[in-house]
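Asker: sequence? don't have it. structure:
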């Protein structure tokens, strides 16, 4: 497991770069030392991979377009594929450490067209209503999932059979999560609003050194200025100008 103290992005995008993520085993484990991140926070970003996490110590706030959730020590959760999110520490008086599994669902679903993927994976990752799932130690039904998540970080990549043991552990966590939440069995249309905000964020990242007019930003996503303001407000809870200023 690699210790991390910052976040890296793909060129011209707010999509997170995932060093060590390989096609033959699309997975990385990280130990995020959040107190050492700039501003003790992780800015808005997304990744196609699913993020499964456990709060080892401290407390962390997660922000998504649908709202905010706080995760104290001993809690955990899952961020769905392609979901915009940012985090910041909620407690500054103690050490804030987060453990993360970041993996492509192909690790679990058996490949394109596989029954496992169709029945148990696609209903989750294709549902635009599923952004962030919380597991609380105060909720009895979450106790076993949290135990499994915590124990899964004890697996060592030096052990014989590590890859299969890890896949089995993630699969058991996924099935317990799937059993607890009312995921739709029908594939839903993608949330186009998220695609628009990603296009505009990418435009800011490519042109931040010069002047950016709101009309130019809106045009990058084929939106009106009014729709541009609404999209930034709904997704990032700030105006386009505030986002440009914060990125600079």
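Answerer: Here it is on my side, so go on. The structure presented is a predicted model; accordingly, all values stated were derived computationally and were not measured.
Asker: Next, name the residue at the spatial heart of the chain.
Answerer: The geometric centre of the chain, computed from its C-alpha atoms, lies nearest to residue 79 (Cα atoms, centre = their mean), at 4.1 Å.
Asker: quick one: that one from residue 130, how far?
Answerer: 10 Å (Cβ to Cβ, to the nearest Å). The C-beta positions use only the backbone N, C-alpha and C, and glycine is treated the same way.
Asker: before we move on, what about residue 108?
Answerer: With distances defined as Cβ to Cβ, the gap from residue 108 to residue 130 amounts to 16 Å.
Asker: excluding its backbone neighbours, what's nearest the residue nearest to the centre of the chain?
Answerer: Excluding its sequence neighbours, the residue lying closest to residue 79 (Cβ to Cβ, 6 or more residues apart in numbering) is residue 51, at 3.9 Å.
Asker: Following the one helix or strand the one you found maps to in sequence, what is the next regular element?
Answerer: Counting by DSSP states H and E, the element that carries residue 51 is strand 50-57. Counting by DSSP H and E, the next helix or strand C-terminal to strand 50-57 is strand 59-64.
Asker: what angle sits between the one helix or strand in the chain whose mean pLDDT sits lowest and strand 59-64?
Answerer: Among the secondary structure pieces of the chain, namely its helices and strands, helix 192-207 has the lowest mean (mean pLDDT, DSSP states H and E), a mean of 79. Put simply, helix 192-207 runs at 100 degrees to strand 59-64, going by axes from the mean of the first three to the mean of the last three Cα atoms, to 10 degrees.
Asker: Name the residues that touch the lengthiest helix in the chain?
Answerer: For the chain, the helix reaching the highest residue count under DSSP state H is reported as helix 162-180. Residues from elsewhere that reach helix 162-180 (Cβ atoms under 8 Å, 6 or more residues apart in numbering): 25, 27, 52, 78, 101, 103, 107-108, 120-121, 123-124, 133, 141-142, 144-145, 148-149, 151-152, 155-156, 159.
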